[in-house]
Structures are given as C-alpha cells and as structure tokens.
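> Okay, sequence plus prediction incoming.
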Amino acid sequence: MARRIAEPYKIKSVETLSMLSYDERKESLNRAGYNTFLIDSADVYIDLLTDSGTTAMSDEQWGALMTGDEAYAGSKSWKRLESAVREVYGYQYVLPTHQGRGAENILSQLKIKQGDYVPGNMYFTTTRAHQEMNGATFVDIIIDEAHDPAVDHPFKGNVDIGKLQSLIDKVGADKIPYVCVAVTVNLAGGQPVSMENLKEVYELCKAHKIDVMFDATRCVENAYFIKEREDGYEDRTVASILKEMMSYSDGCTMSGKKDCLVNIGGFLAMNDEELYIRSRELVVVYEGMPSYGGMAGRDMEAMAIGIREAVDDHYIAHRIGQVRYLGQQLIDANIPIVQPIGGHAVFLDARAFLPHLQQEDFPAQALAAALYLDSGVRSMERGIISAGRNNETGEHNKPNLELVRLTIPRRVYTNNHMDVVADSIIELYEKRETICGLKMVYEPPTLRFFNARFAPLSENGELISEENRKMTIN
Ligand SMILES: Cc1ncc(COP(=O)(O)O)c(C=O)c1O
Ligand SMILES: N[C@@H](Cc1ccc(O)cc1)C(=O)O
C-alpha cells in the first residue's frame with residue numbers, strides 16, 4: 001500500500017470560516033449577479049476561486065516582516081529578494097513589480113511593436129491583454145492535446161514545435177519579439193511543459209534570434225512534474241530541475257502571489273543588460289524605485305523567504321499531492337475533469353457535466369454558481385466568458401475548454417476541506433439535469449469575467465430547481 005503524505009507543516013494560527021445557510025447563500029449569489037468573483041469573501045465557506053495571493057505564509061515569513069527595510073532607495077530587503085531570485089532561478093537582472101501584470105506591462109511595452117505576433121502555449125487573460133494593448137496578435141502554439149480535456153498526456157502544456165516553425169516561416173522572425181512560454185499552463189488545467197520541449201523551443205528560437213520569455217508564475221509546480229514524469233530527473237532535487245528549466249529562457253515575468261508563497265508581489269527578470277536598463281526606466285514610471293517596485297520592504301523579505309521555501313521537496317510534493325487528492329476523488333466518482341490532474345487546481349469539464357446546456361448558456365459559469373449555492377464552495381469560470389470576444393468580429397471567442405476551476409490555495413486547507421468539496425460536486429453531479437443555464441445581463445468591455453453579471457435562464461428564475469436543493473451544509 002502506498003504510504004500517505006501528511007502536511008509538512010503544523011498549524012499555528014487559524015481563521016474561522018463562515019458557514020451560511022442555503023437561503024443566505026442564495027441571497028449572496030443573487031447580489032453577486034451569479035458571478036463568483038462578485039461574492040463577498042465573508043459569504044464563502046471554502047474559497048477555491050484562486051491560488052493567487054491566498055497562500056498561508058510561514059512563521060519565518062511572518063517573522064521577517066518585522067525586519068523589512070522600508071527605505072525609499074537601496075532597501076536591504078530588496079537586496080535579499082534580488083539574491084533569492086538570482087540564486088533560485090538563475091537570472092542575472094531582476095526588477096521588482098507590484099504583481100505579475102506589472103512585469104507583463106513593462107515587458108510588452110518594451111518588446112512589442114504594432115503588427116507583431118507573440119506566440120504562446122495557450123493564452124493567459126492578463127498576459128494576452130498586455131500583448132494586444134501593445135499592438136501584437138497572440139498566436140496559440142500549444143499542442144492540440146491541451147484543448148481536449150479528456151486526453152491524457154504527461155506534458156499537456158508543451159509547445160507544438162511545428163506550429164512555432166510555421167509561424168516563423170509565415171510572418172518572419174523579425175515580427176516575433178519573443179515567445180511566451182508558461183510553466184505550467186494555467187488555462188490548460190495547470191499542465192506542465194517537459195524539459196525536452198523547453199530545450200527544443202529555446203534552440204529553435206536561438207536559431208532565429210527570437211527571445212524566449214517564461215511566464216514563471218507556477219514554475220516550481222512545473223519542475224515537480226518534470227521530476228515525476230521525465231526520464232533522468234527522478235533523482236534530482238526540484239531546485240536543480242527548476243534552475244535547469246530557467247536556463248532555457250532569456251527572462252521571465254513572475255506573479256509572486258503563486259510559487260513565491262506570498263500575498264502580493266512580482267518581478268521581471270532577464271539576462272540581457274540592455275533590456276534590463278530599459279525596463280528599469282519603465283519600473284520607475286509604473287511601479288516605483290527599482291529597489292521596491294510597488295512592494296513594501298516587508299513584502300520583499302517575505303518573498304525572498306517564500307522563493308526558497310517553495311523549492312523544498314517536501315513542500316512541493318504535498319502541494320501537488322493535495323490537488324491530486326481532490327481530483328482523484330472526482331475521477332473515482334466518474335465526474336468529468338481535465339486529465340491528468342494539474343498543478344494548482346482541479347478543473348471540472350462543464351460541457352460534459354452539463355451536456356444539456358449550449359456553450360452560449362455559459363455552462364461553466366452556471367456550474368460555478370450552482371456549486372456555491374450547494375455548499376458555499378467558491379470556484380471560477382474558465383470558459384467562454386473568460387475568453388472574451390473576438391476583437392474584429394465582436395463575436396464570443398468559443399474555447400474548446402469550458403471549465404470550472406477549483407484552485408487550491410497553498411498551505412491553507414486540509415484534506416478534510418477537500419472531502420467537503422468532493423462531496424458537494426458528487427451530489428451536484430447526481431442532480432445535474434436540474435441546473436439551468438445563464439444569460440449575461442451586464443458585460444464589461446475588457447476582462448469581462450471579473451465584473452459581468454448574469455441571471456438564470458429558467459422560467460422561475462431558479463438556478464437549481466428548488467425541490468432538488470440538497471445541502472451539504474446548512
Ligand atoms: C499564468 C499567469 N500569468 C500571469 C498572471 C498575472 O499575475 P498577477 O495576478 O500577479 O498580476 C497570473 C495570475 O493573475 C497567472 O495565473
Ligand atoms: N492569476 C490568478 C488571478 C487571476 C484570475 C483570473 C484572471 O483572468 C486573471 C487573474 C489566477 O489565475 O487565479
């Protein structure tokens with residue numbers, strides 16, 4: 001029998017969870033326009049909206065907050081953060097930003113010219129928004145398998161080298177300022193990229209003098225999958241695998257709110273001195289001095305420690321193990337989820353869960369709302385709403401993946417919480433045909449998923465027919 005792994009930490013401080021009744025949850029969902037982004041956190045029982053900034057910090061991180069150097073210039077805390085990034089990721093130059101999109105903004109402004117193309121292994125919302133705002137067209141070069149939730153592939157985040165080569169042949173290397181490789185791929189289901197693929201992409205790009213910039217947001221999780229799944233890496237530490245991964249890139253943008261184990265922060269890193277000098281100019285304009293970049297000294301202290309804690313082999317094994325613990329319960333109950341289970345989240349396949357709904361009825365949005373109603377568990381739509389509209393035609397973009405993301409915060413919940421989530425989803429699946437679709441009643445022009453509002457399509461205005469409301473908690 002495989003031995004089970006327990007949390008590699010013990011709990012020192014706790015936060016009480018709120019447990020609303022069905023009627024209270026219904027009211028809250030109504031107020032939020034059936035959009036889980038708009039539900040008050042005080043009304044949420046188990047919050048799986050995101051793994052971003054929701055990490056529980058360690059006692060060492062909390063302790064280090066007191067040592068933060070809040071100097072406007074030349075902060076000691078910045079020096080400690082810079083050393084951690086250099087040591088753990090291996091890049092030469094580092095600039096702090098308030099979070100990941102601060103780094104994306106600067107990179108996109110400096111590298112992209114009107115009419116350029118930025119290939120990437122599936123889009124991410126904020127990343128693509130910055131690329132497009134600077135005049136580029138995003139081109140998806142992920143392998144086809146990534147668009148099929150049911151296909152099993154150990155490295156579903158891989159770049160399709162053929163697609164990248166065709167784009168270079170078609171538009172020319174001088175129209176491609178950089179290739180953006182996400183490790184892991186959030187919207188594909190937290191799927192990793194293999195070391196072999198990273199090497200191939202880097203070699204092809206170098207042959208055409210194209211830069212490779214990683215979206216390193218969940219790079220430690222990616223390194224762990226390489227250790228587990230790729231020949232020759234099983235005996236290596238995650239730290240050494242991570243460093244090798246990063247050597248196949250020219251720089252990265254980083255949202256520290258994920259794999260740096262902090263609640264806020266980010267950075268832009270690179271090896272090219274000229275790009276660094278130009279980026280430093282923009283950091284001053286958008287973020288602050290290059291020795292704090294939108295972060296307090298104490299935040300930089302916490303991040304320097306988090307960067308090192310994240311590459312602890314016990315931490316990362318438990319982290320991925322907990323996501324898998326939830327996913328496996330759903331697989332065992334025949335619930336359709338994206339397979340294999342990814343690094344930061346379990347993704348429900350809403351189309352297969354609610355086959356009676358059309359994609360225009362927003363099945364993933366409806367399922368996320370129904371899950372909240374059933375048990376107070378908050379998740380996030382990652383489907384047609386997140387994909388937005390086509391800039392030219394104004395039509396909805398219709399992604400193949402219509403998913404509900406159950407994102408597990410780092411070091412926050414126990415496996416008992418995962419059991420509660422699994423029970424609720426399994427019960428919802430049993431009464432799935434009683435869940436109706438939604439119509440959008442308010443649509444913001446950009447990143448609409450954050451603030452859009454919806455209403456149930458049923459005649460009586462109920463999302464789940466009342467007689468079927470079976471509560472996990474009340
Ligand atoms: C893959 C990925 N890239 C970039 C970002 C942007 O980071 P931030 O939220 O810190 O701006 C996020 C999360 O938002 C992300 O998940
Ligand atoms: N990156 C974070 C926060 C976020 C969520 C949705 C977005 O589209 C953009 C940002 C996440 O994936 O959860």
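Right, received. Where do you want to start? Numbering: from 1, shown residues only. Ligands and ions are numbered 1, 2, ... in the order given.
> which ones are touching the residue of the chain found nearest ligand 1?
Relative to ligand 1, the nearest point of the chain is Gly100 (2.5 Å; C-beta to the nearest ligand atom). Just so you know, the C-beta spots here come from the backbone N, C-alpha and C atoms, and that holds for glycine as well. Gly100 sits next to 126, 215, 217, 253-257, 266 when contact means C-beta atoms under 8 Å, 6 or more residues apart in numbering.
> 6 Å - rerun?
253, 255, 266 (C-beta atoms under 6 Å, 6 or more residues apart in numbering).
> And for Glu200?
Ile161.
> Next: Glu309.
The neighbours of Glu309, taking C-beta under 6 Å, 6+ apart as the test, are Leu261.
> Apply 7 Å and report the result again.
58, 261, 315 (C-beta atoms under 7 Å, 6 or more residues apart in numbering).
> Tell me how far it lies from Ile316.
10 Å (C-beta to C-beta, to the nearest Å).
> picking up where we left off before, just the ones in strands from the contacts of Gly100, please.
253, 255, 266 (DSSP state E).
> and ligand 1, which of those reach it?
Restricting these to those near ligand 1 by C-beta under 6 Å from any ligand atom leaves 255, 266.
> Can you lay out the ones in strands among the contacts of Gly100 as CSV showing distance to ligand 2 and pLDDT?
Supplementary listing: the ones in strands among the contacts of Gly100 in CSV, determined by distance: C-beta to the nearest ligand atom, whole Å; pLDDT from 0 to 100:
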residue, distance to ligand 2, pLDDT
Thr253, 12, 98
Ser255, 6, 98
Gly266, 11, 98
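> what would the ones in strands among the contacts of Gly100 look like in a markdown table with neighbour count?
Output for the ones in strands among the contacts of Gly100, formatted as a markdown table (neighbours: other C-beta atoms under 10 Å):
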| residue | neighbour count |
| --- | --- |
| Thr253 | 29 |
| Ser255 | 28 |
| Gly266 | 29 |
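> Which one of the ones in strands among the contacts of Gly100 is nearest to His130?
Using C-beta to C-beta, Thr253 is the member of the ones in strands among the contacts of Gly100 that lies nearest His130, at 9.4 Å.
> which non-adjacent residue is nearest that closest one?
Ala103 (3.9 Å; C-beta to C-beta, 6 or more residues apart in numbering).
> Now that neighbour: which helix or strand?
Element membership of Ala103, judged by DSSP states H and E, is helix 100-111.
> What is the subsequent helix or strand relative to that helix?
In the C-terminal direction, the helix or strand that comes right after helix 100-111 (DSSP H and E) is strand 117-120.
> Determine whether any part of that following strand lies close to ligand 1.
No. Strand 117-120 stays clear of ligand 1 (C-beta under 6 Å from any ligand atom), getting no nearer than 10.2 Å.
> May I see the buried residues of stretch 425-438?
425-429, 431-432, 434-438 (16 or more other C-beta atoms under 10 Å).
> Determine which two of these are furthest apart.
Distance extremes for the buried residues of stretch 425-438: the farthest pair is Ile426 and Leu438 at 22.6 Å, using C-beta to C-beta.
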